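# Predicted model and sequence below, questions to follow.
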Amino acid sequence: MSSPNIGIQIGATTPPGELSAIAAEAELLGYEEIWLAEDYFELGGVASVAAALAATEQIPVGLGVVAAPARHPAATAMEFATLAGVNPGRFMAGIGHGAQAWVQQMGFQPASPLGLLREATDAIRLLLKGAEISQDGEYFHFDRIRLLHPPDGPVPLYLGVHGPASLRLSGELADGTLLGWFSSPSYVAWARERIDEGRSRTRREDPHQLVVLCLLSLSEDEPVDAVRDLGRWAAPMLAGMVGSPQLEASPAGIELAAYVEHGGSNAGAEHPPDQLLEEFVAAGDTASCEGTVDRLFASGADRVVLVPNPAGYRSTTGMLEQMRRASALTLGRNGRR
């Protein structure tokens, strides 16, 4: 059995001119895969993935994720097919609901986000297989649409989702699921169960990859500061997630929710309880971070993608330093020290 994969996410606030160098460095450091996000209105996902693929030689690169409401599925499928055609076997496609705040900024408020995602996913899969589509859906119209250059081989399609119905949909339709930041081991196990429920509906027996994004702040010299630095950045975001499946699935999340309810939306922002953060992020020294990653794998993750502390994304030097420190987690697992 091969070692579990560890990848790296390049943040959406990374300056565009520095993407290529960071991607090339990630491959040299031994990471198994690279993921880039399309966060509106920071960094275009398709162009970023193209740059990362061009700057590397063998490492797979994923787009996680394109917001389904923001593009017509035919346009999304065309972009996916082009990336896959130029880089056979290396591109991983991802779509999802998109962050609701960003989607609403653009005036997209579908009556059923789940219905829209299903419609978009079905269409993209068909178009990537070379099919012609003519249909009037609830959200998208197709009139004799066929890709001129569908990919020669399959393109793995991931859904970036987190709620129970969406996870079941991913199990039904997708090749894998991308779980976002703050996915605790308890939540990963819970998500795997929901995915398997969806797979059972359609009697799917092919492999379904569960990829988990894990926030990282690693320091051997100052491990406590590494925890606190990430905690100060993450605590307000966690406070905004009270009631979400990520928190409700975890005892620490339930405790955090109670903590926030008594302390306000910014409770813990200055000094968040370390024992709560350890459930949601990899922070501290190498041993602590390895423990977090191991728990995610033990809970059902197939691959873990490390996300260097986003507070340092605007500093490319800081991003590279975190990547280099964290590469020990990957190199040790794959015997390439």
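The structure has been received and is ready for your questions. Numbering: from 1, shown residues only.

# pretty sure residue 275 is touching residue 252, no?
Yes: counting by C-beta atoms under 8 Å, residue 275 does reach residue 252; the two are 7.2 Å apart. C-betas here are computed from N, CA, C, even on glycine.

# Spit out the contact partners of residue 120.
Contact partners of residue 120, counting by C-beta atoms under 8 Å, 6 or more residues apart in numbering, are 68, 73, 76, 95, 139, 140.

# Out of those, list just those in helices.
Counting by DSSP state H, the contacts of residue 120 place 73, 76 in helices.

# How are the helices of the stretch 101-250 of the chain distributed by residue range?
113-128, 164-173, 185-201, 223-239, 245-248 (DSSP state H, counting those that start in this stretch).

# how about low-confidence regions in this protein?
1-4, 260-273, 311-315, 330-337 (pLDDT under 70).

# quick one, longest strand in it?
strand 209-218 (DSSP state E).

# Note down every partner strand of it and its orientation.
Using DSSP bridges, strand 209-218 pairs in its sheet with strand 176-179 (parallel), strand 282-284 (parallel), strand 303-308 (parallel).

# Report the backbone C-alpha coordinates of the first one in PDB.
What follows is strand 176-179, C-alpha atoms only, in PDB (Å, rounded to 0.1, in the frame of the first residue of the first chain):
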ATOM      1  CA  GLY A 176     -13.700  12.800  -4.900                       C
ATOM      2  CA  THR A 177     -14.600  15.300  -2.300                       C
ATOM      3  CA  LEU A 178     -12.600  18.300  -1.100                       C
ATOM      4  CA  LEU A 179     -13.200  19.200   2.500                       C
END
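
# Please export the alpha-carbon coordinates of stretch 112-125; CSV is fine.
Extracted C-alpha coordinates of stretch 112-125, given in CSV (Å, rounded to 0.1, in the frame of the first residue of the first chain):
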residue,chain,number,x,y,z
SER,A,112,-31.8,25.6,-4.6
PRO,A,113,-28.0,25.7,-4.4
LEU,A,114,-28.0,21.9,-4.3
GLY,A,115,-30.1,21.7,-7.4
LEU,A,116,-27.9,24.1,-9.2
LEU,A,117,-24.7,22.2,-8.2
ARG,A,118,-26.3,18.9,-9.4
GLU,A,119,-27.3,20.4,-12.7
ALA,A,120,-23.8,21.9,-13.3
THR,A,121,-22.0,18.7,-12.2
ASP,A,122,-24.1,16.5,-14.5
ALA,A,123,-23.5,18.7,-17.5
ILE,A,124,-19.8,19.1,-16.9
ARG,A,125,-19.3,15.3,-16.6
